[in-house]
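Participant: Output the structure for:
(chains A, B, C, D and E, ligands or ions: 5)
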Amino acid sequence: MADLHFLANPARFRRFSQRVLPGLGFATVLMLCACLYMAFFVAPADYQQGQTVRIMFLHVPSAWLSMMGYALLAGLGASLLVWRHPLAALMARAAAPVGASFAAVCLLTGSLWGRPMWGTYWVWDARLTSMLLLFFLYLGHIALSRAYDEPERGDRAAAILALIGVINLPIIKFSVDWWNTLHQPASVTRLDAPAIHNSILVPLLWMAVSLLFLFVFLVLLRTETEIDRRRLENAAAQEEGAPA
Amino acid sequence: MTAFFFAACYHGAGMAPLFLEIEGLACRRGGRRVFSSLSFGLAAGELLALTGRNGSGKTTLLRALAGLVRPDAGTVRWQGADVARDIDAWHGRLAWLGHLDGLKGDLTVAENLVVAQRLRGGRPDGLEGALLAFDLGPLAARQVRTLSAGQRRRTALARVAFSAAALWLLDEPLNALDTSAQQGFRSALQAHLAAGGLAIAATHADLGVAGARTLELGSSLSHSGGGA
Amino acid sequence: MTAFFFAACYHGAGMAPLFLEIEGLACRRGGRRVFSSLSFGLAAGELLALTGRNGSGKTTLLRALAGLVRPDAGTVRWQGADVARDIDAWHGRLAWLGHLDGLKGDLTVAENLVVAQRLRGGRPDGLEGALLAFDLGPLAARQVRTLSAGQRRRTALARVAFSAAALWLLDEPLNALDTSAQQGFRSALQAHLAAGGLAIAATHADLGVAGARTLELGSSLSHSGGGA
Amino acid sequence: MMGGFTALLARDLRLVWRQPGDVGVVLAFYVVAVVLFPLGIGPETNVLQRIAAGVLWSAALFAALLSLERLFAADHEDGTLDLLLLAPWPLELAALAKCTSHWIVTGLPLSLLAPVLGVAFGLDGESLLALFATLLIGTPTLSLIGGLAAALTLGARKSGALLALLALPLCVPTLIFGAGAVETLAAGEGLATHLAILGALALVALGTTPWAIAAALRQAGE
Amino acid sequence: MMGGFTALLARDLRLVWRQPGDVGVVLAFYVVAVVLFPLGIGPETNVLQRIAAGVLWSAALFAALLSLERLFAADHEDGTLDLLLLAPWPLELAALAKCTSHWIVTGLPLSLLAPVLGVAFGLDGESLLALFATLLIGTPTLSLIGGLAAALTLGARKSGALLALLALPLCVPTLIFGAGAVETLAAGEGLATHLAILGALALVALGTTPWAIAAALRQAGE
Ligand code: HEM
Ligand SMILES: Nc1ncnc2c1ncn2[C@@H]1O[C@H](COP(=O)(O)OP(=O)(O)OP(=O)(O)O)[C@@H](O)[C@H]1O
Ligand SMILES: Nc1ncnc2c1ncn2[C@@H]1O[C@H](COP(=O)(O)OP(=O)(O)OP(=O)(O)O)[C@@H](O)[C@H]1O
Ligand SMILES: [Mg+2]
Ligand SMILES: [Mg+2]
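Facilitator: Numbers count the residues shown, from 1 in each chain, chains lettered A, B, ... in the order given. Ligands and ions are numbered 1, 2, ... in the order given. Okay, the predicted model is just below:
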């Protein structure tokens, strides 16, 4: 918490991120290359699903990251509304499109995977639909935060939405348990041992870690841009000077 | 200041003594008679100040003159011709300022003026002058929704001045204006009158223009018809 | 006239010299600083007239005092206590008149006053007096949507007078009022002050109340902090 | 405190009473919307029966959303929202009062009307009852969530569509369980779980949205 | 004369251009609305396919109506409607310009989006094309009729109730022939007659509504 307070100041955050970003970017690229190699050339094809199983290495981590991203939005929303951290608003603005992209990737890879597996690109089952709703919530967040002339008001409205929308996360997570559907039940994130073979599980987890790095990198980078942009806008506004 | 009036379009008809003649005008609102058999005339270069208590019918009269409210009886004549005959031509001759400013919050001050002029079918020449007259230069690029009440009113007044219309119909033009803006409005109005324009303004304050005529609407006058 | 003020609720605390203290208030709108480090105080029975050019921040200041806009910095104290601590109690002490009248067009004049009073948690006693003070008797049963601009403004003012609040915050109260209504407003205001009430009014015209203090907002003063 | 709540509720109901037609419009919209689907789909009864609950529920959702747009906007435009913000009692109660009046004026009549329309879709008595019960428990949630969307989009640059975009995803669980209950019944199972879930959703909405609405209204007043 | 028409059209498009998100919001609403129905109905593909055209068309109607509500109201509230009434060229053209800009901003993008969504419903290529064609010809009618309803609801208070109802029934023929065309195609018949009827409806609307809208606007100005 103390760290968070420390970083809540945009100027300090900027100094921090400038120090961290180059290294983080480098590490992300390296890890992604290694993981993609592992996923596509090292991991074995599934005896049932064949080569299509490789879609999973993109599909599952992006599902996790998009859910995590929304939880992040909610957290940032709370810290904006309760503590008025100026950075939280900028970071939420930066994170929403990134999270939305991961949600879109999950939806796309899922439906591409669905074609060979279920014989259709799309079914209206609970898991798929609640995931689509998560994507919509992201869109609503983005639209709302840009729907005001004073960006601060858009930030606060979107923060309120993020806090309410977080209800959707457990619905996504447990949809496979609550409704019997086509979609795979949890096989990695279970309380008991994972139900996936290690030869697939290990690259999957590595892929998840490197995509997490990518997520963090993108959010930090975009936050920095947001800070600069807000500064420029404020400077421009001040320059217009005392109104006549 | 006068550069953006097309003086020619309402000048030069010197033989007609009265540009605007109102005869026997009557209006009712919500079943109540507001005024009846109202008659007056206005010549080029004249200003008529409409006064009267709240609810005496100033706004109603202005709207009836513009053709926004259909009067119960009476005619409005411009250079001798009933304006109801060619209402579009009549609309082309007048500029309107209502209780509401008639501005789009999402457009900037300058865009609002240009768009309003285009909607009148006019060409947006001489924008600078209109902005200058109401001290709007520094605000020209600001979205109207971020302006204060008085700044908005000034923009609406600039729209009227910019329109180059022969007749200005103004409903409480001084509302929300600070003293320097009131001064700016007065000079714009005087320039308009000097160029041969006409103006009718509903007001509770003194407009501060020398030689203005006054028409007081009110329960006693409105029934007998108020001569100017 | 004073019959409908609950004088007791803000009287009798004679030992406190200043009811309202503003300290180091700063506000920004759309990224622009409107005023900063503004400090002043107001004692019981005092009227403060806010003046200044269009866009100088009068409305912003009033909204910040009411707690409608969150200021960037500074505190507002009522009898020594920061009003942000118990905002509901603070709201119970003030009456608001904005640029907009805050009336429901579908309700009658009397209903509007009664409802507004109920929403404040007060009892609608002495309605007659408030109506009378603003000459609204004959209009009491009319739906507000059928009123003229000035009649509506008078209804909004009657709502303020009817509220029996200790502090009146008024944004351009004289807008659209005719001379007799302005006179009526002045006497209501004077009665309020005489009963120990406070008032802050943004205005471009003279309020015509003897002993009123003035705070001029403007580019020069707003940065250094304007003493009254 | 409760005085302010009832005063606001009474005022809003009185405003509706002045224009009883406005309720009629929502109901008429509902009827037309429900009737439109068979028109688009064709008159095969078994298909109609299959989708009846879904259609009746979705149309109720749209009717509620359509009428929500002006919930706070009218107060915002005529300046009475400032008076609510300045009322000496919690704004959360004001938010609740507004949503309550919206439910009384739309949710309640829609719940009563839906079974009548259900007959035209060939639903049996038990299904009709289930429809009524789920709507009665589910529509308050719609009013609350829709009220939140209305408050969030208040100061924003217009657009009822933005409101719908925000509200619809949040209303989906209610819709699923509402329409689902009727279908479960057709499949021979009991109603109880579905009704319990709908009730739980309503309670969650009741416990969260008033605060969120109040927060949104406060920032719209700035 | 045409100068005023293009000026007004340009102004409205510029206002939208300032807020490109608003178009996105209507489209997003459309997507969400279309998604809702399957949710209520359940995932059986053959039923979905059967009702796809009806759902896609009805949702387009709702999206259009939702965004129409404010078509004239915004101008009414900020006083620019008075300026339109006082423009020195026929008010009918102004009405037409407003409806045209509404169509460009909603009808056109909806027509383009619908086939994409149709894929999710399992429609084949020919049906998708038919969907696009019928929407392209049919949505102008919706904009015109909806514009009339919007103008009528601006004016006298009591008519508001009666006349808001007017829009939906007036749009029913367009809806029936629009959704019907896609289904006819599935039944192996040609599209031509349906498209011709839709075109005729559009022409009738074009020939009548601008005058009615102008009349409604004039009385709203009183
Ligand atoms: C558009 C369609 C799809 C969507 C929106 C979707 C969505 C998701 C989501 C949100 C998760 C994360 C769940 C969690 O961690 O609790 C997930 C995990 C997963 N999905 Fe999908 N999915 C889709 C299609 C598919 C298909 C076609 C398959 C393969 C048959 C598949 C297989 C999996 C697997 C194996 C997991 C990991 C489950 C676990 O270990 O927790 N998905 N999907
Ligand atoms: N929503 C807003 N966004 C950005 N800037 C704003 C906004 N509202 C007001 N302003 C600006 O803030 C400044 C103060 O405005 P305010 O309304 O307080 O002025 P005012 O003194 O009340 O003026 P007036 O006499 O015209 O009513 C003005 O320069 C105005 O342009
Ligand atoms: N829509 C309406 N329906 C019924 N009566 C109306 C309507 N509008 C105005 N009136 C009444 O018509 C009369 C004249 O109103 P009008 O607005 O013309 O007055 P005004 O002189 O402009 O007043 P103000 O100085 O207050 O602006 C008033 O008595 C008013 O109550
Ligand atoms: Mg008037
Ligand atoms: Mg002001």
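
Participant: Could you list the low-pLDDT ranges of the chain?
Facilitator: Unless you meant another one, I'm taking chain A. A:1-8, A:46-49, A:124, A:178-182, A:187-195, A:236-244 (pLDDT under 70).

Participant: other chain: chain D
Facilitator: Looking at chain D by pLDDT under 70, you get D:1, D:20-22, D:25, D:37, D:39-47, D:157-161, D:186, D:188.

Participant: residue in it nearest to ligand 4?
Facilitator: D:D78 (17.3 Å; C-beta to the ion). For every residue, glycine as well, the C-beta is placed using N, CA and C.

Participant: The helix ranked longest in chain B close to chain A?
Facilitator: Looking across chain B with DSSP state H, the single longest helix is helix B:179-194. No - judged by C-beta under 8 Å from any C-beta of the partner chain, helix B:179-194 and chain A are separated, with a smallest distance of 9.3 Å.

Participant: quick one: B:R33 is in a strand?
Facilitator: Yes - looking at B:R33 with DSSP: H, G, I helix; E, B strand; the rest coil, it is inside a strand.

Participant: residues making contact with the longest helix of chain B?
Facilitator: B:1-2, B:5, B:45-47, B:133-135, B:150, B:153-154, B:157, B:161, B:168, B:173-174, B:177, B:199, B:201, B:207-209, C:53-54, C:204 (C-beta atoms under 8 Å, 6 or more residues apart in numbering or on different chains).

Participant: what's the weakest-modelled helix or strand in chain B?
Facilitator: helix B:219-224 (a mean of 39; mean pLDDT, DSSP states H and E).

Participant: other SSEs contacting the helix or strand harbouring D:A200?
Facilitator: Per DSSP states H and E: D:A200 is located in helix D:192-221. Contacts defined by 3 or more C-beta pairs under 8 Å, 6 or more residues apart in numbering or on different chains; DSSP states H and E place helix D:192-221 against helix A:151-165, helix D:70-78, helix D:80-85, helix D:91-102, helix D:125-152, helix D:160-186.

Participant: Could you name the helices and strands sitting against the fifth one?
Facilitator: Other helices and strands packing on helix D:125-152, by 3+ C-beta pairs under 8 Å, 6+ apart, are helix A:151-165, helix D:45-68, helix D:70-78, helix D:91-102, helix D:108-120, helix D:160-186, helix D:192-221.

Participant: Now distance to A:V53 and mean neighbour count too, for those, in a markdown table please.
Facilitator: Formatted as a markdown table, the helices and strands packed on helix D:125-152 follow (distance: least, C-beta to C-beta, whole Å; neighbours: other C-beta atoms under 10 Å in any protein chain shown):
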| stretch | distance to A:V53 | mean neighbour count |
| --- | --- | --- |
| helix A:151-165 | 32 | 24 |
| helix D:45-68 | 35 | 23 |
| helix D:70-78 | 50 | 20 |
| helix D:91-102 | 49 | 23 |
| helix D:108-120 | 47 | 18 |
| helix D:160-186 | 31 | 25 |
| helix D:192-221 | 35 | 19 |
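
Participant: could you dump those helices to TSV with distance to ligand 2?
Facilitator: Conversion of the helices and strands packed on helix D:125-152 to TSV gives the following (distance: least, C-beta to the nearest ligand atom, whole Å):
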stretch	distance to ligand 2
helix A:151-165	9
helix D:45-68	25
helix D:70-78	14
helix D:91-102	21
helix D:108-120	38
helix D:160-186	19
helix D:192-221	12
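
Participant: Can you check which of the helices and strands packed on helix D:192-221 gets nearest to ligand 3?
Facilitator: helix D:70-78 (15.1 Å; C-beta to the nearest ligand atom).

Participant: and the closest one, does that touch chain C?
Facilitator: Yes - shown here: helix D:70-78 in contact with chain C (C-beta under 8 Å from any C-beta) through D:E77, D:D78.

Participant: Kindly calculate the angle that that helix makes with helix D:192-221.
Facilitator: 10 degrees (axes from the mean of the first three to the mean of the last three C-alpha atoms, to 10 degrees).

Participant: Would helix D:70-78 count as contacting chain B?
Facilitator: No - against chain B, helix D:70-78 shows no contacts by C-beta under 8 Å from any C-beta, the least distance being 11.8 Å.

Participant: residues in contact with whatever residue of chain B ends up closest to ligand 4?
Facilitator: Closest contact between chain B and ligand 4, by C-beta to the ion, is at B:T59 (3.2 Å). By C-beta under 8 Å, 6+ apart, the contact set of B:T59 is B:G98, B:H99, B:D171, B:A202, C:S148, C:A149.

Participant: What is the burial count for the nearest residue to the fourth one once chain neighbours are set aside?
Facilitator: Using C-beta to C-beta, 6 or more residues apart in numbering or on different chains and skipping the chain neighbours, the partner closest in space to B:A202 is B:K58 (3.6 Å). The burial count assigned to B:K58 is 30, neighbours taken as other C-beta atoms under 10 Å in any protein chain shown.

Participant: got a pLDDT number for B:K58?
Facilitator: Note on B:K58: pLDDT of 93.

Participant: wouldn't it be in contact with B:A49 here?
Facilitator: No - at 9.8 Å, B:K58 and B:A49 do not qualify as touching, with contact defined as C-beta atoms under 8 Å.

Participant: which residues do these two both contact?
Facilitator: What both B:K58 and B:A49 touch, as defined by C-beta under 8 Å, 6+ apart, is the set B:A202.

Participant: For chain B, list the residue farthest from the centre, please.
Facilitator: Within chain B, B:G31 marks the point farthest from the mean C-alpha position, 26.7 Å out by C-alpha atoms, centre = their mean.

Participant: so D:L13 sits right up against D:V105, yeah?
Facilitator: Yes - using C-beta under 8 Å, D:L13 is in contact with D:V105, at 7.5 Å.
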